[in-house]
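Just the structure for this:
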Amino acid sequence: MKNPMSANHQSDPANRARLRWRSRRGLLENDILLTRFLDANEESMTDEEVDAYTRLMDLTDNDLMDLLLARKEPSGEIDLPHVHALLARLRKA
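This next block holds a predicted model:
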């Protein structure tokens with residue numbers, strides 16, 4: 001089931017603003033990495049990538065940082081191919 005936030009992401013300014021707002025994190029390192037990624041890629045993200053990004057935003061700051069720094073790999077509900085693909089892109093940002 002798709003997250004409603006990902007529906008029509010590119011055509012809905014409110015969805016785009018919500019995605020950027022959710023990227024604001026308590027850990028400055030996460031904030032910087034996510035902001036850089038969105039600045040470079042937000043306009044071209046597919047709905048599937050937005051879904052993967054949204055799933056990552058549901059994590060705690062420390063769990064997200066561990067994934068971004070490749071200390072851990074996605075597991076459980078986020079162990080999905082499109083999450084792995086987006087995470088690989090995030091790690092290069």
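
For Thr54, see how far away Leu33 is.
Note on Leu33: its distance to Thr54, by C-beta to C-beta, to the nearest Å, is 16 Å. Using the backbone N, CA and C atoms, a C-beta is placed for each residue, glycine as well.

So Leu90 sits against Phe37, correct?
Yes: counting by C-beta atoms under 8 Å, Leu90 touches Phe37, with 5.5 Å between them.

Report the contact partners of the residue nearest to Ala93 when sequence neighbours are not counted.
Excluding its sequence neighbours, the residue lying closest to Ala93 (C-beta to C-beta, 6 or more residues apart in numbering) is Phe37, at 4.1 Å. For Phe37, the contacting residues are 89-90, 93, by C-beta atoms under 8 Å, 6 or more residues apart in numbering.

where's Phe37, which helix or strand?
Element membership of Phe37 [criterion: DSSP states H and E] is helix 28-41.

Chain neighbours aside, what residue packs nearest to the residue nearest the centre of the chain?
In the chain, the residue lying closest to the centroid (C-alpha atoms, centre = their mean) is Tyr53, at 2.4 Å. With sequence-adjacent residues excluded and distances taken as C-beta to C-beta, 6+ apart, Tyr53 is closest to Leu86, at 6.0 Å.
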